[in-house]
Every structure is written in structure tokens, then in C-alpha cells.
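Chemist: Here's my sequence, what's the structure:
(chains A and B)
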Amino acid sequence: MNFALSDEQEFLKEAARGTLARVHTVAAAREALDGAALPDLWPAAVEAGWPGLLVSDENGGAGLSALEAMLVFEELGRVLASVPLLGHLPATFLLDRGGPAEIVAVLAAGEARAAFVPARPPSDLGDGWTAEPAIGMTRAPAPAFAGGKVTGAVHWVPDAPRAEHLVVVLDDGRAALVRAADATVEPATIYDVTRSIGHVRFDGAPATLLELGERDTASAWYLEQALIGAESVGAIEVALEVSVAYAKERHTFGRAIGSYQAVKHELVEMLRGLDNARSLMYYAGWAAQDKPDEFALAASAFRLAAGKALDHATRAQISVHGGIGATWEHDAPLYFRRAQVSRRLLGGTAGAADRVAGELLTAARAAAA
Amino acid sequence: MDLNDTPELAEYRAQVRAWLDEHRHEAPDSRGDDDASVAARRAWQRRLAEDRLAAVTWPAEYGGAGLGPLQQVVVNQEIGRAGVPGIFDIIGVGMLGPTLIAHGSEEQKQRYLGPMLTADEVWCQLFSEPAAGSDLAGIQTRARREEDGSWRLSGQKVWTTNAQHAAFGLLMARTDPDVPKHKGLTMFVVPMDAEGVTVRPLRQISGEAHFNEVFLDDVRLEPGSEVGPVDGGWAVGLTTLMFERVTIGLGGEGFGWRADRFAHALLADDACTRDAETRHRFGDIATEFLALRFTGYRMLTSLQRGQIPGAEGALAKVTTIRAAIAAGDLICDVLGPEGLSDQRFGELVSDMPGLKSAGGTEEILRNMVGERVLGLPPEPRLDKGIPFSELRAREREAVA
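Modeler: Next up is the predicted model:
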């Protein structure tokens, strides 16, 4: 038994941190809020081999596992780096298993980008495959496939703008490949500008069905949940590090503020959230590889724990810093914006909580039967 | 990430499983506290000890299996799987025995470890006092040395599990009040049948008495009853507390606080399994229990690499208690008032407010983690470097 990262995995993280250190991504995020263009990190991602991370060796990828993808996302999350992998990796994960090899190779090499157009898998409550709505809580059926064509709309799709290939999950749990040029992708205005998000509409778009089962398309959904969780873990780490450093140097009433229990306990709560999320990240990574039946539970629990911890950590970071934490010049608001969008994307943190309950209740019913 | 057994560990697991299959009919079916159940549970511990399954990590020369924490976890898992009780004296074998092995004299080890292992002599831990819990070094139980080298002991201990069954207690007492409080402490072995020792059950919210109070009225201890150096008891106590964290950290699921068990309880009412709020609350609680399970595997990996468990284990305790409180509330919200009378869940609701303070209050644990793990500056302390006797005088003055 060994439940720690391997040397290779530690090295992958270090290398990712080195790659991202070359660009001031956090400063760029602030400037982007005022309208500046974000730095293009895709060439650096290609150089690091990230676009092909989950593509098998025979298709020209690195053949790594979900855990390695999460480790890269942890590093992306630390510095709010805008690299369109949240849509690309689940898309390539599916295409590698059931798509045209020539397209997979191009995507693995980073010569083109893909976006996963997700649908939430049915739960124990008997709902179908559903898509994010434009507004509100009522989810719509995922796009439908008939006569070689896809019709339907999915909102808030990560990395859809600038993707050339769309892997869309259908209302029956299958998945199809659509050229982005055959769909309408409208870039969304988004509170966290480090994310590239689009509203996607298919109006009889020509599509190729992928040779996959429902299990695979569900796995892609949970993979995306886990990647959001991993990104959150990185952001919590930084919020905690920065807040602890400040609590040691800022003095009030003649004492460092970190010596006050009220402040200390809040920082420890950030650490507790981070530590629990990290344990569940390893669980999700392990399940993806060795216990696929538990991947839905593990990835949902991880998304939930990381999402709640990020929400808490970004608020605590602001309050530990006092008024300055809420100013435009400080980094804390950028992490806060990240948290606010993360908790509401792709079914939301609340959706993950419901899924954890559903998976466990289903298992309990099966055990009782 | 690999949770599979190595071939050697798989072989060990197979042996343990085969042993349990063969001997499970000898296991008691009750986990109760009454005399008959306790006798059966002690007999079962003896049976486990005879085949070196009671103290897996103890050195072989003292009756253990001389193996590592992984093998201990395998034994715990297989005992859980077989549905039989584990050892009776978890506090003795898990915490006090290892303390004696680390700090006791050879004579003490030869005298006490064998009967402890077979549960012929049960042990209890006599640390906490009415006025010293989280601030354990503030204990007031006093031991005075007589001319012949024997000791006279007076004071009161509390929260003592198994005191009513115990032959011996490991007790922390103050031997020098005129030095700062951590310095004048000594650890002793106390025969529980000595004259002047009185044990009284301590009933709590549920009406049950899971703990005791122990009164010590001029109890005479033989020369050589001290464990480790005189006035060096604090370091001995820290060893016990370290083993306590390992025992709790690796054994939380042994209390039955697991996501799957609470999911099963929710099935009692079909409507609640479709209720959005119930599902959300359960999802949150279950996630904390899952996090604890995999935090346990991370801790175990560190232990296996020879790293000493640190203050991080304290966070696992905080999470355990919070999740168990929330789980008891949720199940009883679903069951209604009847839930509070349910033996399993009503007792959970009743016991948790007190357990929140066991092993250090949540507040003091958060201080410890903040200072030792995050490196935050300490809360200003007014007791540093001050002789204990003077500290007590100041406290009395402040209250007067």
C-alpha cells in the first residue's frame, strides 16, 4: 500500500510550476478585467505536452492518468492560469477511446483544440442526460442526434470559444464529434475572465457518433468534475500561504494578528478544507485507475470538498487581510472571482453533493436488497 | 497511488483471515459493558494474543508480532470484515503498553506487558483532571516521596475509561510544584486495588456511564512505581498522546461512523432519499467521512516510511467529531423524535457534545495545528517559566 505521490508525479508538478512561472498570470488576470488580452499560454502547454496528457501512446499522447492531469490542474489553479485544458482534456479522453485516430493525433500534439460539451449523467432520481441551462436551475435535455445531425443547446461550456472540434454528449448518453464551424459558439461574458466559456448551439449540425458506451461519457463528466476540484486545490494552497504570511507580519494591538485565536482558527479551517480535499483528490485519482465503479462517487466528493474549501478560503483570505483584501490591487479578489464561478459551473458544487448522496444511497439499496 | 497489498501483505492477510474463519465461533457476540460481556471480551483478547494478533506492532520479545502499522491495519480490517469484536483493552495495548515499552524499566516491562496483552490485567489512563484537560500540564494530583523511597498520592482523575475493570492505571502526578508546570511531573503505575483508590461511574447525557472518576486519597505506591525519570513525566505523557492519535487516526471507522452506514439508515424513510435538502446534507457529511478514510491512508503511508505522526492528526479528529455530530442530527431529523430514543443514533446525538472535548477541545487542537503546522505566532501565555505553586496562587488571587 502506498497513498502518496510518486517521484515522477512530484516531478510533473514541479515542471508544471516551472512552466507557469515564466508568465505573470495573476497580474494578467487583473489586467484582463480591465480589457487587456490574456497571454496565450497554449504554446507553453504544447511544449509541456499537456494537450496529449490523457491520449494513449499509440495515438501520439503521453498516456498518463487522471491523477497526473489533476496535478497539472493543481498548478494551473495556483496561479489562475488561463489554459484551455478543462474542455480539451475530457474531449480527448473520449476521442482517444472512440474517435478518428487522425483527429486524436492532431489534438494530442496541440495543433488543434477540442472542447467537451458536457451533459450530466442520470442519477438515482431517474432524470436523463441533462445540459446546463442559460439561466436558472431547470436543466434542459442534452442535444439530440437524428439522421447524422445534432440539434440542441448547451450553455456555459468551458473552452468552447476557439476550439475546432466539439465532443458533444447526447440525450441518450452517447457522444458525437462535431466541427465547431458547424455549430454556433457564442463567447460568454464571465465574472472570472481567466476562464474561456461559450454558449453552444447545434442546429442540425453534421456529426459523427463516437464508438463509446455510456460509461465512457459519464467518466468524461466526472473527469471534468475532478479537474475543477484539482484547480480549486491549487487556488486554496495559495490563498492559505498568502494569508498565513500576512497574519505573521501584520500587527494590531501590539500583536501579530495570527496570534489571535479568531484569526488562527480561521486559517486552520482553510488548512482542514485543503487537507480533506487533497485526500479526496488522491481517492479520485486512484479510483479513476483502479476502482472505476467508485469514480463517480470519488470525483463528486472531491469536487464538493474542494469547492466548499475554495469558497471558504477565498472569503477567509479577504477577511484576514482586512479592507486591503477587498481592493482591486490585491490578488484576493481574483481568487474570489475564480471561486464564485467554479462553484456554479458544470452542475455546481451543490450538484456534486447531490451526486455523492445518490451514489451512496444506490449502493445502500443494492446492499440491502 | 496503490491500495493493493504487496504479495507479503496479501499472504499475511490470508493467514489472518484463515485464523479468523477458524476461530470466529469463539468470539463473543456482545460488545457490552456488563460483567459477563466484559469477561467474554477479555477471553477473546487472550485468544487473539496467544496467536500474536492482539499487539501486532509490539516487539516479539514482549508478546507482540514485531510487525509494522500496515499489518496492524490489515488485522483491524479483517476483524471488521469477520464481524467479530477486536481487543478489549485498546487503551492499554494501543497506548499505555507502547509507552511502557518506550520509557519503562526492564523489570516493569517483564511484570506488566504480558498480562496486559492477554487482558488478565486491564489498564486505564489516569491523566485528565477536573481542572486540567486540554492544559494537561496543569494537573494537581500530588505525589510525595517518603523516606523509604515509596510515594504518597492524593488527588482526583476523571474521564477514565475502564477504571472499573482495571488492575493498573498509568498516572501522571505532580512531584515538584516549585518549578514551571511541565517540569515537575512524574508518571506512575498505580494498582487500582490499593487502599485509598475509589472509582465512581460518571453518567453522561445518555444516562450511560462510559467513563469514571477516580479518587486518590493518600494512596501508597511502592518504591520504583515511577515510569521514566522522576520529574520527567511530561515526555512520557507525550509518547502516550502520540500513540493515542495514531490509534484514533487509524481507527475512526471502527466506531461505525461511516458514510455507507448512515446511507443505510436513511433508507428507513423512502421520501427522505428524494428530498433535496436531506440529500445535500448527507452528501456533505459523507464527503467528510470519505476524506477521513483517505487521510488515514495518507497517514499510514507516512508511518510506514518511518515518519512520526504530527499535529496534523488533530485535524482528522476535528473532522471526525464534526461529521459525526452532523450525521446524528441528520438521521434524527429524518426519523423524528423517535430517533433520539434509538439506541444507535440517539446515543450518537447524546455522546458527541462531550466527545468534542476528548483528546483536547476543538479550540485547543486548532491552536496546536495553527502554531505547529502553519507556524503562526502563539497566543500570549501567562504561565511560561513560572513555578506551578506561584501560578496557582495567582489564579486563586485573580478569582478572589
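
Chemist: all strands for chain B, in order.
Modeler: In chain B, the strands defined using DSSP state E lie at B:122-126, B:142-145, B:151-158, B:166-174, B:185-191, B:197-202, B:211-221, B:226-227.

Chemist: Dump these to a markdown table, plus mean neighbour count.
Modeler: For glycine as for every other residue, the C-beta is placed from the backbone atoms N, C-alpha and C. As requested, the strands of chain B are exported to a markdown table (neighbours: other CB atoms under 10 Å in any protein chain shown):
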| stretch | mean neighbour count |
| --- | --- |
| strand B:122-126 | 27 |
| strand B:142-145 | 18 |
| strand B:151-158 | 20 |
| strand B:166-174 | 25 |
| strand B:185-191 | 24 |
| strand B:197-202 | 16 |
| strand B:211-221 | 19 |
| strand B:226-227 | 25 |
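
Chemist: Redo those as TSV? Include distance to B:Ala276 and mean pLDDT.
Modeler: TSV is the format used below for these (distance: least, CB to CB, whole Å; pLDDT from 0 to 100):
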stretch	distance to B:Ala276	mean pLDDT
strand B:122-126	45	98
strand B:142-145	59	98
strand B:151-158	44	98
strand B:166-174	50	98
strand B:185-191	54	98
strand B:197-202	42	97
strand B:211-221	40	97
strand B:226-227	56	98
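
Chemist: Quick one: closest of those strands to A:Tyr260.
Modeler: Of all those, it is strand B:185-191 that lies closest to A:Tyr260, at 29.6 Å by CB to CB.

Chemist: Which pLDDT value goes with the residue of the stretch 51-200 of chain B found nearest chain A?
Modeler: In the stretch 51-200 of chain B, no residue comes nearer to chain A than B:Leu70, which is 6.1 Å away by CB to the nearest CB. Listed pLDDT for B:Leu70 reads 87.

Chemist: just the one 5 residues further on next, same as before
Modeler: We have a pLDDT of 92 for B:Val75.

Chemist: Number of residues surrounding it?
Modeler: By the other CB atoms under 10 Å in any protein chain shown criterion, the neighbourhood of B:Val75 contains 26 residues.

Chemist: Please name the residues that touch it.
Modeler: Contact criterion CB atoms under 8 Å, 6 or more residues apart in numbering or on different chains gives B:Val16, B:Leu53, B:Val56 as the residues in contact with B:Val75.

Chemist: Could you look up the SS state of A:Leu361?
Modeler: Following DSSP: H, G, I helix; E, B strand; the rest coil, the label given to A:Leu361 is helix.

Chemist: That one: what's it in contact with?
Modeler: If a contact means CB under 8 Å, 6+ apart, then A:Leu361 has A:Asp124, B:Ala263, B:Leu266, B:Leu267, B:Thr273, B:Arg279, B:Phe282 as its contacts.

Chemist: just B:Val189 next, same as before
Modeler: In this structure, B:Val189 makes contact with B:Gln108, B:Tyr112, B:Phe168, B:Gly169, B:Leu170, B:Leu171, B:Leu221, B:Ser225, B:Val227, judged by CB under 8 Å, 6+ apart.

Chemist: Columns distance to B:Thr247 on top of those residues, output as a markdown table?
Modeler: What follows is these, written out as a markdown table (distance: CB to CB, whole Å):
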| residue | distance to B:Thr247 |
| --- | --- |
| B:Gln108 | 21 |
| B:Tyr112 | 19 |
| B:Phe168 | 19 |
| B:Gly169 | 18 |
| B:Leu170 | 15 |
| B:Leu171 | 19 |
| B:Leu221 | 27 |
| B:Ser225 | 25 |
| B:Val227 | 19 |
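
Chemist: Nearest to B:His210 among those?
Modeler: Within the contacts of B:Val189, proximity to B:His210 (CB to CB) peaks at B:Gly169, which comes in at 16.7 Å.

Chemist: For A:Ala284, see how far away the closest one is.
Modeler: Using CB to CB, to the nearest Å, B:Gly169 is found at 45 Å from A:Ala284.

Chemist: swap in A:Ile324?
Modeler: In this structure, A:Ile324 and A:Ala284 are separated by 36 Å, where distance is defined by CB to CB.

Chemist: neighbour-wise, which of those two wins?
Modeler: In this view A:Ile324 and A:Ala284 are compared by other CB under 10 Å, and A:Ala284 has more residues nearby, 32 against 12.

Chemist: Which other helices and strands does the helix or strand harbouring that one contact?
Modeler: For A:Ala284, the enclosing helix or strand under DSSP states H and E is helix A:261-290. Applying 3 or more CB pairs under 8 Å, 6 or more residues apart in numbering or on different chains; DSSP states H and E, one finds that helix A:261-290 contacts helix A:66-78, helix A:214-249, helix A:295-321, helix B:276-304, helix B:313-335, helix B:362-372.

Chemist: Would you agree A:Arg255 is in contact with B:Leu376?
Modeler: No. Taking contact to mean CB atoms under 8 Å, the distance of 11.3 Å between A:Arg255 and B:Leu376 leaves them out of contact.

Chemist: before we move on, back to that, isn't the residue of the stretch 51-200 of chain B closest to chain A right next to B:Ala10, touching?
Modeler: No. With contact defined as CB under 8 Å, B:Leu70 does not count as touching B:Ala10 (11.6 Å).

Chemist: ok, the two, which is more surrounded?
Modeler: In this view B:Leu70 and B:Ala10 are compared by other CB under 10 Å, and B:Leu70 has more residues nearby, 20 against 12.

Chemist: Any idea how many residues pack against whichever residue of chain A sits closest to chain B?
Modeler: Nearest residue of chain A to chain B, counting by CB to the nearest CB: A:Ala353, 3.3 Å away. Neighbouring residues of A:Ala353 were enumerated by other CB under 10 Å; the total is 27.

Chemist: That one: which element?
Modeler: With DSSP H and E as the criterion, A:Ala353 is inside helix A:348-368.

Chemist: could you give the angle of that helix to helix A:214-249?
Modeler: Using axes from the mean of the first three to the mean of the last three CA atoms, to 10 degrees, the interaxial angle of helix A:348-368 with respect to helix A:214-249 works out to 130 degrees.

Chemist: pLDDT averaged over helix A:348-368, what's the number?
Modeler: Taken as a whole, helix A:348-368 carries a mean pLDDT of 97.

Chemist: Out of the contacts of A:Leu361, grab the one that's most surrounded.
Modeler: B:Phe282 (30 neighbours).

Chemist: how far away is B:Gly313 from A:Met1?
Modeler: Here the distance between B:Gly313 and A:Met1 works out to 18 Å (CB to CB).

Chemist: So for these two, which sits in the more crowded spot?
Modeler: Relative neighbour count places B:Gly313 above the other of B:Gly313 and A:Met1, with 21 against 16, counting by other CB under 10 Å.

Chemist: Spatially central residue in chain A, please.
Modeler: The central residue of chain A, meaning the one whose C-alpha is nearest the mean C-alpha position (CA atoms, centre = their mean), is A:Ile228 at 2.4 Å.

Chemist: that older thread, what's the closest of the helices and strands packed on helix A:261-290 to B:Ala102?
Modeler: Where the helices and strands packed on helix A:261-290 are weighed against each other on CB to CB, the nearest is helix B:276-304, at 15.8 Å.

Chemist: Quick one: name the residues of the stretch 1-150 of chain B near chain A.
Modeler: B:Met1, B:Asp2, B:Leu3, B:Asn4, B:Asp5, B:Thr6, B:Leu9, B:Leu70 (CB under 8 Å from any CB of the partner chain).

Chemist: Kindly give a single PyMOL line that selects the buried subset of those residues.
Modeler: For selection in PyMOL, the members of the residues of the stretch 1-150 of chain B next to chain A meeting the burial criterion (16 or more other CB atoms under 10 Å in any protein chain shown) are listed in this command:
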select buried, chain B and resi 1+9+70
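
Chemist: quick one: the helix holding A:Ala353 to helix B:276-304, angle?
Modeler: Using the same axes, to 10 degrees, helix A:348-368 lies at 80 degrees relative to helix B:276-304.
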